[in-house]
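>>> Take this sequence and fold it.
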Amino acid sequence: MATEAAIKQQTAAEKARSRLSRCGSCANCTRRDCGLCVNCADKPKFGGPGIKKQACIARKCLNMQTREDGAEGPEELPVAPAAAPGMPAPAAAIAAARKRAKGLGGPTALAAP
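You can find the predicted model right below:
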């Protein structure tokens, strides 16, 4: 009987360690953020405070997969293309520049590095 309890405890521990992650290949995973749902409204790129940190409701994965704690996400992550010359900087870079320049005072602090 002691071995049955140990086996049950071991399987419970394994279940607690495993987490779910997106598959990265279904229609919802590859979709863009809608920008209209509650989760998108919270995202900084849509003007929100960024507290929830949840995926767009339209992007909820249909094929959630279990993974171990130490496991990586999808093997090949898409790389964002570099900004073309003359294109405006991404919103995150602009926000970071504003934070750096907050106490410095002049408009020269916002210049690109």
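>>> Could you find the closest non-adjacent residue to Arg31?
Arg59 (5.3 Å; C-beta to C-beta, 6 or more residues apart in numbering). (C-beta placed from N, C-alpha, C; glycine too.)
>>> Could you do Arg19 as well?
The shortest distance from Arg19 to any non-neighbouring residue, by C-beta to C-beta, 6+ apart, is to Arg67 (5.9 Å).
>>> Contact partners for the one you found?
18-21 (C-beta atoms under 8 Å, 6 or more residues apart in numbering).
>>> top of these by neighbour count?
Using other C-beta atoms under 10 Å as the neighbour criterion, Ser21 leads the contacts of Arg67 with 15 neighbours.
>>> Mind jotting down where the strands sit in this protein?
Taking DSSP state E, the strands of the chain run over residues 19-21, 65-67.
>>> Pull up the pairing partners for the first one, direction included.
Using DSSP bridges, the neighbouring strands of strand 19-21 in the sheet come out as strand 65-67 (antiparallel).
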